[in-house]
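Engineer: Following is a predicted model, sequence given first.
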Amino acid sequence: MIIIDCDQLSPEWFTVKAGIPSASGFGSIITPMGKRSNSPAYMRDLLAEWLSGKKLDDYQSGFMQRGIELEKEAHIWYEFHREVELQHVGFIMTDDKLAGCSPDGLIGINGGLEGKAPGHRKHMETLITQKIPPEYIPQIQGNLYITGREWWDFLSYHPDLPPFLVRVKRDEDYIKKLKEYLHDFQQDMMKNRQMLIDRGYKRIEI
């Protein structure tokens, strides 16, 4: 495991993770139910990042921008409620540098945090079901795989509504499938990189 100490969303962070499958995109590799989920679009995005050396088409929706703005507030609430201090890191990579994750925070030696700040409808759905929205399962289990940690807290935060906080343990069966599907994805990605190189395309070094 390699920890890159930089600010998330900084130019250095974008450069370091460009072209690398990361936990936030693992939903394009494995479904919440543990089935293979091949996404040509995700592969093309990563190849474009690798070739250009940066993230392209960096569009942020209103909800994405809102989440960024509320992130610090959510972290303060979490630290106070759990009586812990979050360790903020930029990007964590596997030793082969072919996969990674950007945790919202690490806790002690065993845990981490994934926080979301959805709109009120999505947040109310979570409060009613008392379940993590399934689309976040690949990311959370991916964080656990990349970091090797034992648990990950999921926080759904809305400034005007009660928060939802639950602790998620490692699902070894799910992680085993993730590793298999991720390996296959990485192999295809490397073949496509080599194909581009053989055709004379050169990666732009930032």
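Structural biologist: Ah, there it is.

Engineer: For the rest of this, base every contact and every neighbour count on C-alpha atoms.
Structural biologist: Noted.

Engineer: How about Thr94: what's its closest non-neighbour residue?
Structural biologist: Closest residue in space to Thr94, ignoring its immediate chain neighbours: Met1 at 4.7 Å, by Cα to Cα, 6 or more residues apart in numbering.

Engineer: go on, Ala74?
Structural biologist: Tyr157 (6.2 Å).

Engineer: what's near enough to touch the one you found?
Structural biologist: 74, 115-118, 123, 163-164 (Cα atoms under 8 Å, 6 or more residues apart in numbering).

Engineer: can we see that at 10 Å?
Structural biologist: Residues counted as contacts of Tyr157 (Cα atoms under 10 Å, 6 or more residues apart in numbering) are 67, 70-71, 73-75, 77-78, 115-120, 123, 163-165.

Engineer: From the residues you listed, which land in strands?
Structural biologist: The strands, defined by DSSP state E, take in 115-116, 164-165 from those.

Engineer: Model confidence for the residue nearest the centre of the chain, exactly?
Structural biologist: With distances taken as Cα atoms, centre = their mean, the residue of the chain nearest its centroid is Ser24 (2.7 Å). The per-residue pLDDT reported for Ser24 equals 95.

Engineer: likewise His81?
Structural biologist: If you check His81, the pLDDT there is 93.

Engineer: Look up how far Pro21 lies from it.
Structural biologist: 32 Å (Cα to Cα, to the nearest Å).

Engineer: Tell me which helix or strand in this protein has the weakest average pLDDT.
Structural biologist: Least confident element among the helices and strands of the chain, by mean pLDDT, DSSP states H and E: helix 62-82 (a mean of 81).

Engineer: Which neighbouring elements make contact with it?
Structural biologist: The elements that helix 62-82 packs onto, with contact taken as 3 or more Cα pairs under 10 Å, 6 or more residues apart in numbering; DSSP states H and E, are strand 111-116, strand 151-156.

Engineer: which residues are in contact with that helix?
Structural biologist: Outside helix 62-82, the residues touching it (Cα under 10 Å, 6+ apart) are 9, 59-61, 83-86, 104-105, 107, 113-119, 153, 155-159, 163, 165.
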